[in-house]
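Undergrad: okay, predicted coordinates and the sequence, questions at the end:
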Amino acid sequence: MTNNAPTSVLVTGASGNVGRPLVDQLLGAGHRVRALTRDPERAALPPATDVVAGNLKDAGSLDAAFEGVAAAHLIGFDAADYSPLDNGAEIAETALRKGVRRVTLLKGELEKSDLELAIEASGLACTSLAPVEFMSNVQEWADSIRSEGVVRDGFPDIPSAMVHDADIASVAAAALTGGAEHAGQEYWLTGPEALTAPQKVAVIGEVLGRPIRFEELSQDQIVGQWREQGFSDEEVEFFLLMRTNPPEAGYTVLPTVEQVTGRPARTFAQWVAEHRAVFGG
């Protein structure tokens, strides 16, 4: 439930998979939006957006970003390379000094980040958003689907209750502009179904109207790909744990999206239909 009075909201990572739909949703509801983005021209944000160049790691951009906003959507990692932010205390201090009183924080890992700990210590009213997996992650399959009609992946028996990126944005919008009941909450966010990789491939094929084949890769092949992509031993170990023995939250469908927003969570088929051009549909 949202307040009737418009709110001035800062959206960081404004051109990202969550930030962009959040900007659109807030503007559509009549709120004032400031967007923090590294490259304002390439971001192609709506004309009504107050765009500020910068990012959370850039101390020089923080004062301008937080100036005059009542609420802020923050991300707990560097959007450029997903590395943890190490200036959480500075971000929280600046937000408080500039008059921000309410924030949402998009988590990037299970552990509490430096920014999350700093926000907790600051007294800011914070709602943490913990999506189990973004539906947009399947875009990594796009090239082989377009060129060969095939998806090559491993761990075919592990389901994921992945969530539509716009639903993450909807929960953020509700927390940023709604009542005080969202403060202090950690919302684990899922879609309405838990799907294995072959099931995801089947949905993509149904939406595109053409057969897409799933080819299983071995664990060694998957690990080899991760290493070729430059991931460290620690990162590979974490990825492997998530793919072979994921936490129960990763495959358990939760009602959180509907409880917070009042609307059912979007399905994977909806996400594919909205992004069918990515797969050559």
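TA: Thanks, I have the structure now.
Undergrad: which of the helices or strands spans G60?
TA: Secondary-structure assignment from DSSP states H and E places G60 in helix 59-66.
Undergrad: for that helix, packing partners?
TA: For helix 59-66, the helices and strands in contact under the criterion 3 or more C-beta pairs under 8 Å, 6 or more residues apart in numbering; DSSP states H and E are strand 8-12, strand 32-37, strand 50-53, helix 88-97. Any C-beta I mention is one placed from the backbone N, CA and C, and that applies to glycine too.
Undergrad: in CSV, list the ones you listed along with mean pLDDT.
TA: Conversion of the helices and strands packed on helix 59-66 to CSV gives the following (pLDDT from 0 to 100):
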stretch, mean pLDDT
strand 8-12, 96
strand 32-37, 96
strand 50-53, 94
helix 88-97, 95
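Undergrad: how about those in a markdown table, adding distance to I168 and mean neighbour count?
TA: Output for these, formatted as a markdown table (distance: least, C-beta to C-beta, whole Å; neighbours: other C-beta atoms under 10 Å):
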| stretch | distance to I168 | mean neighbour count |
| --- | --- | --- |
| strand 8-12 | 12 | 26 |
| strand 32-37 | 17 | 24 |
| strand 50-53 | 21 | 17 |
| helix 88-97 | 20 | 19 |
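Undergrad: going along the chain, name the helices of this structure.
TA: 19-28, 40-43, 59-66, 88-97, 114-122, 142-148, 165-177, 197-208, 219-228, 233-244, 256-261, 268-274 (DSSP state H).
Undergrad: among these, show me which one is buried the most.
TA: When neighbours are counted by mean count of other C-beta atoms under 10 Å, the highest per-stretch mean among the helices of the chain falls to helix 165-177, a mean of 26.
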